[in-house]
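S.K.: heads up, no residue letters with this:
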């Protein structure tokens with residue numbers, strides 16, 4: 001099995017754990033439920049990455065036009081992604097932790113809960129949806145806390161290490177993994 005995206009795995013686990021602990025959902029097989037939620041999240045993540053890659057390819061092929069029109073690369077990338085998403089019928093694009101995306105994905109997870117024979121629910125749809133969105137907010141806050149802590153560690157070095165340098169990125173990845181392990185979010189042997 002391919003290595004899972006850590007934060008999507010954390011997010012799917014958090015969503016399912018919140019729903020089961022609060023007894024909003026009853027699952028015949030909690031691990032299967034987590035896997036199904038992960039697949040919803042990963043499918044969206046994969047679609048988003050494909051859009052980004054396609055937008056990047058289009059920008060590269062039309063770099064002279066982008067430069068000539070004076071459009072920033074960030075703006076061009078965003079506009080192209082939006083156009084591609086519209087053409088492909090993808091209703092919401094952006095970070096998995098944006099409010100709009102969290103609501104969109106919560107709807108997909110709610111649909112799973114309502115239609116999966118292995119799942120039953122004990123509360124109205126709105127209560128379940130709010131719990132799912134709350135899980136997105138919890139994990140987004142955790143990401144911010146870890147990012148802040150990692151940046152503090154890098155800044156505490158005796159000599160300055162400038163963001164954007166290879167050394168900074170290497171330290172960031174190392175400290176980020178350490179934070180995940182210290183918080184019990186990943187096992188040490190899962191590091192690559």
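M.R.: Right, received. Where do you want to start? These numbers come from a predicted model, not from an experiment.
S.K.: Surely residue 120 is in a helix?
M.R.: No - Residue 120: not assigned to a helix; according to DSSP: H, G, I helix; E, B strand; the rest coil it is strand.
S.K.: What is the neighbour count of the closest residue to it other than its chain neighbours?
M.R.: Residue nearest to residue 120 in three dimensions, not counting chain neighbours: residue 26, with 4.5 Å by Cβ to Cβ, 6 or more residues apart in numbering. Where you see a C-beta, it was placed from the backbone N, CA and C, and this is true even at glycine. By the measure other Cβ atoms under 10 Å, the count of residues near residue 26 is 14.
S.K.: Quick check: buried residues in the lowest-mean-pLDDT helix or strand in the chain?
M.R.: Between all helices and strands in the chain, the lowest mean by mean pLDDT, DSSP states H and E belongs to helix 63-69, at a mean of 80. For helix 63-69, burial by neighbour count (16 or more other Cβ atoms under 10 Å) applies to residue 66.
S.K.: Now do the buried residues in the helix or strand that that helix is followed by.
M.R.: Per DSSP states H and E, the first helix or strand lying C-terminal to helix 63-69 is helix 73-88. Using 16+ other Cβ under 10 Å as the test for burial, helix 73-88 gives 76-77, 80-81, 84-85.
S.K.: Name the nearest of the residues you listed relative to residue 169.
M.R.: Of all these, residue 169 sits closest to residue 77, with 20.6 Å by Cβ to Cβ.
S.K.: just so I have it, where are all the helices in the protein?
M.R.: Taking DSSP state H, the helices of the chain run over residues 6-21, 30-61, 63-69, 73-88, 99-115, 125-155, 166-182.
S.K.: and among the ones you listed, the most buried is which?
M.R.: helix 6-21 (a mean of 20; mean count of other Cβ atoms under 10 Å).
S.K.: if I look at the residue of the chain positioned farthest from its centre, how far off is residue 62?
M.R.: Distance from the centre of the chain peaks at residue 68, with 34.3 Å (Cα atoms, centre = their mean). Residue 68 is 10 Å from residue 62, where distance means Cβ to Cβ, to the nearest Å.
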